[in-house]
Structures are given as C-alpha cells and as structure tokens.
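Enquirer: any chance you can model this:
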Amino acid sequence: MAFMRLPSVLPLTLAARCLTTTRPLISSCERPQADRDPRTSIPLPLPSLHKVFAALGDESRLAIVRLLLDGQPRTSGEIAEQVSLPASTCSYHLTKLLNADITVCVADGTSRQPVLRREVLDDSLPGLLDLIRHGVPSSVESPSGSVPGKGATD
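Expert: Numbering: from 1, shown residues only. Now for the predicted structure:
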C-alpha cells in the first residue's frame, strides 16, 4: 500500500492560517511592571474568570483584597494582623490569591510583598474592584423585594 504524499503547499497554508488568526502581541512597554514575573521579566498570564471568582468566594480573601486596594506595600505578617487572621491562615489565602493571578509577589530586599494586579483586573473584569471596595449596593433587589439568591420567608 502506497502512502499518499501531501502537497508541499499545505504547511505554508497552515502557517498562514495560524498567523492570521493569532491575537496581536502586547509590547512590553504597554504592560505595567507588576504584571511581569520579577525573576524573568516574562509577561504574566491574564487571570481566568473561574479562578478569580473561586478565589474571591472567601470572606478572608475578600478582606485581603480590600486591604491591598490602597496600594500600600505590606508583608504577609502585616496583612495577617490587619485582617485578624493567624499568619499561617493568611499565608494560605495569599497563596490562593497568587495562584488565581489576582496578586503578584514583589521582592523588597529580603521580603516579598503581595501586590494587587489592579490594572489587569480592571481591564479584564471592569468594575470588579469597585464592587469589592464598596460592596453590593442595598438597592439590588428582585421585583418581589427579596434579595436575589435568598429563599422566600413567610
């Protein structure tokens, strides 16, 4: 049985198709420094929605994000103290925020400080940080007068 030889044009066609369907690259000058890996200077990935919302589904992590919204550099110990968490629990929650691409760690001498990826979150999820900062407005109710997601009470 003889194998059919494919025309040599096929790889070029596939390459041309790949080149025309890819998104334009973002130059390094357009990305904020906090969105680069400090060790390699490689752009960090954009956060995925399911990771962000899973990470923000915890009150302790929301409190940490609210604290980081002011942009002040803090160590994990300072964060733990300010949100009233044990250091080990705070470290666990900071790792969850880091893994969800909500924060990055910036080296400051011998310590590493978590920094909120504010610009990326604002670009990919507009209004999310404002909602976290101010909470859900009390005027958000269903037509029946009950809060969405809450069971009816008789």
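
Enquirer: mind listing the helices for the protein?
Expert: In the chain, the segments counted as helices under DSSP state H are 9-21, 49-55, 59-68, 76-82, 87-99, 118-124, 128-134.

Enquirer: now the last one: buried residues?
Expert: Okay, so that is helix 128-134. For helix 128-134, burial by neighbour count (16 or more other C-beta atoms under 10 Å) applies to 128, 129, 132. For every residue, glycine as well, the C-beta is placed using N, CA and C.

Enquirer: out of the residues you listed, who's nearest residue 67?
Expert: residue 132 (10.7 Å; C-beta to C-beta).

Enquirer: OK, contacts around that closest one?
Expert: Contacts for residue 132 (C-beta atoms under 8 Å, 6 or more residues apart in numbering) come out as 56, 62, 65, 66, 69.

Enquirer: residue 104 bridge partners, please.
Expert: residue 115 (DSSP bridges).

Enquirer: where does pLDDT dip in the chain?
Expert: 1-47, 136-154 (pLDDT under 70).

Enquirer: quick revisit: right, so of the helices of the chain, which gets closest to residue 111?
Expert: The closest of the helices of the chain to residue 111 is helix 76-82. By C-beta to C-beta, the value is 8.7 Å.
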